[in-house]
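A.B. asks: Structure, please.
(4 chains)
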Amino acid sequence: MENLIALLIAAPLLGAAVLLVGGRRLDAVGHWIGTLLSTTSFVFGVILFADLLGKDAEHRTLTQHLWTWISVGSFQADVTFRLDQLSMTFVLLITGVGSLIHLYSVGYMEHDERRRRFFGYLNLFLAAMLLLVLADNYLLLYVGWEGVGLASYLLIGFWQHKPSAATAAKKAFIVNRVGDMGLSIAIMLMFTTFGSFAFGPVFSHVGDTSEGKLTAIGLMLLLAACGKSAQVPLQSWLGDAMEGPTPVSALIHAATMVTAGVYLIVRSSAIFNAAPDAQLAVTVVGAVTLLFGAIVGCAKDDIKKALAGSTMSQIGYMVLAAGLGPIGYVFAIMHLVTHGFFKAGLFLGAGSVMHGMNDEVDMRRYGGLRKYMPITFITFGLGYLAIIGFPGLSGFFSKDKIIEAAFAKGGTEGWILGGAALLGAAITAFYMTRVMLMTFFGEKRWQPDENGNEPHPHESPKVMTIPMVVLAFGSVFAGGLFSFGDRFLDWLEPVTGHSEGDSPLSAGTVTGATMVCLLIGVGLAYAQYGRKPVPAVAPRGSLLTRAARRDLLQDDFNHVVLVRGGEHLTRSLVYVDHTLVDGVVNGTAATFGGLSGRLRKLQNGFARSYAVSMFGGAALLVAATLLMRAV
Amino acid sequence: MSPQLAAYTTSTGEAFQFWVLGTVAVIGALCTVFMRKAVHSALCLAGTMIILAVFYLANGAYFLGIVQIVVYTGAIMMLFLFVVMLVGVTAADSLKETIAGQRWLALLCGVGFGVLLFAGIANASLKEFAGTGKANANGNVEGLAALIFTKYVFAFEITGALLITAAVGAMVLTHRERTERARTQRELAEQRVREGKNVPPLPAPGVYARHNAVDIAGLLPDGTPSELTVSKTLRERGQVRDVSTEALNDLRALEQRAEERLERTEIEPANLKRAEEASK
Amino acid sequence: MSFPLLTATAVLPAVGAVATAAVPASRRTAAKWLALLVTLATLALAIVVLVRFDPDGARYQLTESHAWIKAFGVRYELGVDGIAVALIALTALLMPFIVLAGWHDADPLETGSRRWRPTQGFFALILAVEAMVIISFEATDVFLFYIFFEAMLIPMYFLIGGFGDRAHEHGEEVASTQRSYAAVKFLLYNLVGGLIMLAAVIGLYVVAGNFSLQEIAQARANGSLDMATNTERWLFLGFFFAFAVKAPLWPLHTWLPNAMGEATAPVAVLITAVVDKVGTFAMLRFCLQLFPEASKWATPAILVLALISIVYGALLAVGQRDIKRLVAYASISHFGFIIMGIFAMTTQGQSGATLYMVNHGISTAALMLVAGFLISRRGSRLIADYGGVQKVAPVLAGTFLIGGLATLSLPGLAPFVSEFLVLVGTFTRYPAIGIIATFGIVLAALYTLVLYQRTMTGPVKPEVSAMPDLRVRELVVVAPLVILLIFLGVYPKPVTDIVNPAVKQTMSDVHKTDPKPSVEAAK
Amino acid sequence: MNPVNYLYLSALLFTIGATGVLIRRNAIVVFMCIELMLNACNLAFVVFSRMHGNLDGQIIAFFTMVVAAAEVVVGLAIIVSLFRTRHSASVDDASLMKL
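C.D. replies: You can find the predicted model right below:
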């Protein structure tokens, strides 16, 4: 059964290779090849899942060693896969949602002449993401880590004839690289500390080393997670990443890749458990991001960017949970999975709306769409209810648990974190209601574009709606399915461990508070966007709104400090290289040139002049000889 | 003679000879260097060489003494004179130095070198002179021949080859290969007509009452000498004699004499000047 | 006596060079094919060397030794260890691609250039460089090595100065003044380095009494040859200076951007992927073995310089407007990594550095040759003259991207393995330097992606709209390199297996052992 | 008188000749000065021969004469052809080596 693990990765990898190398011949069938191989991988995943379920909880870890990758001295890196409950969860999420989005893309990208390439990139992403979650050591994980970064780069910049897309792609990659730097430093630290960076040896030796080292490793892992999961301060790329086609936003920038940071932290639970300072940093990052993303989400008029802000915020929840330690790991992953369903569903819905609206993304030009695209409305609506934590739907179960866990952290920290999480829930309700109302309710606000083409909103084809429906089912039922009987907890506990914290508040109180927050959020949004018509042009807004529209000025900061500063630095270095470093050399050359120019004058071309010097030389020789004899 | 040659000191006769002829030789050498005309230099050098021949004889090198006179003074110096004639016997060089500092540097080096040589010779403290008496016992020529044809036979053969090479080299250097057919008189005439230059024969050199030679330029109607009238070779050597002013000078002298005779005191230079200007 | 395999490997291209040069100018194509055949035959010989080499056998294998200049004890001594074998294989491997990529570069008919260029001379010079580089890798006699280390400059000078992109001025084709400047600069820099090294070589002879690397290294190891501390340091500096110029290390690097910018792309590859490797190789082979104590003494300074090279080269690459100069500065950054790996004095560092030399050769070749194909289509080296090429020539853009990704050390491609090894190797001994060097990977992403974005993406510029995609010949050049990049990225074992024993030897030469992990050390 | 005086004379003549070479511009006179230097050498050789009591010095002087003859032939030929092309026998005019 172990041998199937490699096939999980091999199937999409083969797809990517065939589609990208195959050339135009495959244009006609390329998308189906991609979808087929992705589904194949899902099927393998299901088979393996069934196999794991059939074993005891203690024996649910499969490993497969393929070959020794790098072996230099004591530095040993193997290509070994490890399939345990945690990776299994991810495998199913990735291949399942991935396959659905493949299917959706068949319709969404129908008119794009480079569709085959798109599917090639999607398959490449699947392979890399699977490698990330299946790796048995950090270095192999790093390969997947950068692999998804590459796929993300290629897909964000898929419409690279648009300069904005190309820039966004580059930005995403480079910001991610900063995070990757953290991961590589973490690996190096592990190597110097433990002499290995495979999961087994590292986790088993955590107790033998100092807390300081573990904290350092933990912080570096957190930096990596911040980059990949768009957490403050490395969150700036995610909004721009919406330049990619919507299925990409759904798959990579909502459901799977951006959650890799959470996976990394949960996977490294052994390290974080032993490094409380690092854990605290994780929770702080999570809490800040969940508010940050939520505030940004409130101000955006671009439907995808609003959803991107939401993603950031929801991942903030997960990171917060992961930072709480054993109290929160399971819920972080659970929220991750349910989020995968409803956020992917929301994005696909947004894509469907855009598909029907001539790729318009400004919500101020939507309105009243529920009549035109009923299926999209219903599926989007279910996703909406799930994300705001409507009781009984997926988001309710997972988010509620996280808020509880935050309070359960105990002490002042617990109160602050829990409060932030609650506030986040209220804001989530606000901005999601805003999105819902502006898109599907109210009067129609669309206008003809400059070419006079008025959009004719219409429902999307089946190939797109089916995945949306499936995801909507997931959004509704997944949470309940996981929670009843603590199925998910039991499933993951052997890997992540679990402990109940002592919450100062009872579970009921927290749920009640969450509900109140939810109602406040929805009510405020309804008051502002449901009761009165939405202006077609955004009002100037308060200072906070304006800042939030600009991603709370983070981009401006980056631009002024990093981009401008960097440009000045490189420009002055180019100057220095030219004038100073090269100048020293050229100056030396010029000095010798000048000197020889002057010495050259001695060579006046007159034979007699040369004869004098010869004669003088002969005289000197005679003198020298005589002197030597005299001495 | 041989006992004398073997001594530290020479006979008084030889000393007398040395001091007299040595002085002359040095003067000759100096004249060689400082005479303005090459032909004078050559003659001074020939004199010095003859004196050196005498010194050879005095030092027991009889063969060399004779060879010096025959080969050097007789053949080589004559060759020099030929070339001097070819280049222009009357041409006098300016002794003005054109390269900055050359003369002083040359003198400095020369004096310095000379002092060093003298110091070297003095330092060598040469006291013992074996004399050539024994070596010349069988005759100087026989002695030389014995050495040349035994010990130095290869060098001798090689010098033979060198001489032949030199002779061939001199021929090659001075021989000018005609690369095109010599143009006939008719062709030259046709060319002159075509170019419209010098269609009639070139003007004859100046023929005057007191001068009648090919190196004197004929005067143009305005009184200026015309270079065209003198042979090209002389022109290149710069040996054109200009007598155009002589006539004027003669005229002036004549006038002056006439005035003296006529006892006129006032001379009018203005008139003369005007005449000079007109001639230019 | 067995067949002199090493001599044959070096002599074959040398003979080929002479033969190619002798082809009459009217038969240019024959000269090209001859050159290609010679490089392929050399590759075959190199493969034989590779097969015959036993990684676990003696340190130097396939040795040859003949007296040469008896008066000075100079011997014609050849021998290869794992590091040399890997680099010989790299050189022999890249050469056919360089020849193929430069197929039309020196052909006046094909380039449309009106300036006369001796086609066969171009290929003869390339072959001559190959011969000299190979024998430099093989020589175990310091003097023999020195001769070819220096002689290499002559053909390189002509390759840089004589052949380059066409320069235009007021629409007229002109001789590029920049090019001769670059060639002279290359020559002078390397000559100065070489002359200083010559002094050190003579000094070494005075101290040691012979030129044999093996004898001296052995004598140093068993203590029978004692050098005064200062003598050793001066000699070390003399050797190191020459290698640092060739490598090149900051601040001796400024010749490289000029040379690579002005030379044709294949020659630029020849410079950075092949010739410069002799410098880093020689640091490993000569500096460390002959002067172990001085090497350790100089390590901190060299590491700082290497670190500056890494960051500085990358920052300058970001600021470049010229594609080829950008690659040149990127190479400076990469050479910083290599030198850092060598002087980190850890197994990972040195194995990584050797692997880096191989991988950098392949990745730079891929990137630079594709860049050369791009430049030959548009006739401009300026980044700003391109845009939207991806839409017009997707295969070209794709291979360019892969080359770029290799340059930024994307995991899965070969350079990642070596870069990570170097970083780990450095980090274990010098954590601060390792961390700062890691910034290099962010900067690498920046310059690579900026280059890709500005040239390949965005709206299609009218000048590039008719640009043809890669031709068959060009694909034949690029595809194997790309495959190799992926293969060595996934399975670098064939190279590390050959290199590791040699590195172990070098480590024992300098009496250094890897630091133990703190968990073990605590026990 | 000590025969060494001949050597002093030889040195003096040699120096005069050398100085002449340096300060005269006429190629023919320069040549003559060279001959003077050669002759001064010959004198020294002859005196050496007397000093050592063998004839080797004279032999050398003899060879010098032969070489001098050859040299004069070629040298004068050069001067002639120089004069022919440049219309001047001045050594300063042949200064094309100058940049």
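A.B. asks: hey, let's count contacts and neighbours off CA atoms from now on
C.D. replies: OK.
A.B. asks: I figured B:C31 hits B:S41, correct?
C.D. replies: Yes: using Cα atoms under 8 Å, B:C31 and B:S41 qualify as a contacting pair, with a distance of 6.4 Å.
A.B. asks: These two: which is more packed in?
C.D. replies: Between B:C31 and B:S41, B:S41 has the larger neighbour count (other Cα atoms under 10 Å in any protein chain shown), namely 24 against 18.
A.B. asks: residues in contact with the residue nearest to the more buried one when sequence neighbours are not counted?
C.D. replies: Closest residue to B:S41 apart from its sequence neighbours, by Cα to Cα, 6 or more residues apart in numbering or on different chains: B:T32 at 4.1 Å. Contacts for B:T32 were tallied using Cα atoms under 8 Å, 6 or more residues apart in numbering or on different chains; they are B:H40, B:S41, B:A42, B:L43, B:C44, B:L45, D:V29, D:M32, D:C33.
A.B. asks: Tell me the one of those nearest A:E454?
C.D. replies: D:V29 (108.1 Å; Cα to Cα).
A.B. asks: biggest helix in the chain by residues?
C.D. replies: I went with chain A, as the question did not name one. In chain A, taking DSSP state H as the definition, the longest helix is helix A:163-194.
A.B. asks: wrong one, chain D
C.D. replies: Chain D, longest helix under DSSP H: helix D:56-86.
A.B. asks: Mind checking if that helix is in reach of chain B?
C.D. replies: Yes: counting by Cα under 8 Å from any Cα of the partner chain, chain B is contacted by helix D:56-86 at D:56, D:58-59, D:61-63, D:65-67, D:69-74, D:76-78, D:80-81, D:83.
A.B. asks: so can I have TSV of the contacts of B:T32 showing pLDDT?
C.D. replies: Shown next, in TSV, are these (pLDDT from 0 to 100):
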residue	pLDDT
B:H40	90
B:S41	91
B:A42	91
B:L43	91
B:C44	93
B:L45	93
D:V29	90
D:M32	92
D:C33	93
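A.B. asks: Looking at these, which are in helices?
C.D. replies: Secondary structure from DSSP H places B:H40, B:S41, B:A42, B:L43, B:C44, B:L45, D:V29, D:M32, D:C33 of the contacts of B:T32 in helices.
A.B. asks: Now the first one. Nearest residue, chain neighbours left out?
C.D. replies: This means B:H40. B:T32 (7.3 Å).
A.B. asks: hang on, the earlier thing: can you redo the contacts of B:T32 as JSON lines with distance to A:P467?
C.D. replies: As requested, those are exported to JSON lines (distance: Cα to Cα, whole Å):
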{"residue": "B:H40", "distance to A:P467": "121"}
{"residue": "B:S41", "distance to A:P467": "119"}
{"residue": "B:A42", "distance to A:P467": "119"}
{"residue": "B:L43", "distance to A:P467": "123"}
{"residue": "B:C44", "distance to A:P467": "123"}
{"residue": "B:L45", "distance to A:P467": "121"}
{"residue": "D:V29", "distance to A:P467": "112"}
{"residue": "D:M32", "distance to A:P467": "113"}
{"residue": "D:C33", "distance to A:P467": "112"}
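A.B. asks: Closest one to chain C out of those residues, please.
C.D. replies: Sorting these by how near they are to chain C, with Cα to the nearest Cα, puts D:C33 at the top with 45.5 Å.
A.B. asks: How many neighbouring residues does the closest one have?
C.D. replies: Considering only other Cα under 10 Å, D:C33 is surrounded by 30 other residues.
A.B. asks: residue contacts, the nearest residue to it once chain neighbours are set aside?
C.D. replies: Closest residue in space to D:C33, ignoring its immediate chain neighbours: D:G17 at 4.6 Å, by Cα to Cα, 6+ apart. Under the criterion of Cα under 8 Å, 6+ apart, the neighbours of D:G17 are B:A29, B:V33, D:C33, D:I34, D:E35, D:L36, D:M37.
A.B. asks: let's go with 7 Å and repeat that
C.D. replies: D:C33, D:I34, D:L36, D:M37 (Cα atoms under 7 Å, 6 or more residues apart in numbering or on different chains).
A.B. asks: OK, contacts around the first one?
C.D. replies: The reference is to D:C33. When the contact criterion is Cα under 7 Å, 6+ apart, the partners of D:C33 are B:V33, D:G17, D:A18, D:G20, D:V21.
A.B. asks: Which helix or which strand is home to the second one?
C.D. replies: When elements are defined using DSSP states H and E, D:G17 is found to belong to helix D:4-23.
A.B. asks: and chain C, which residues reach chain A?
C.D. replies: Neighbours of chain A within chain C, by Cα under 7 Å from any Cα of the partner chain: C:251, C:254, C:315-316, C:318-319, C:347-348, C:388, C:410-412, C:424, C:427-428, C:435, C:438, C:442, C:445-446, C:449, C:453, C:457-459, C:490-493, C:500, C:517-519.
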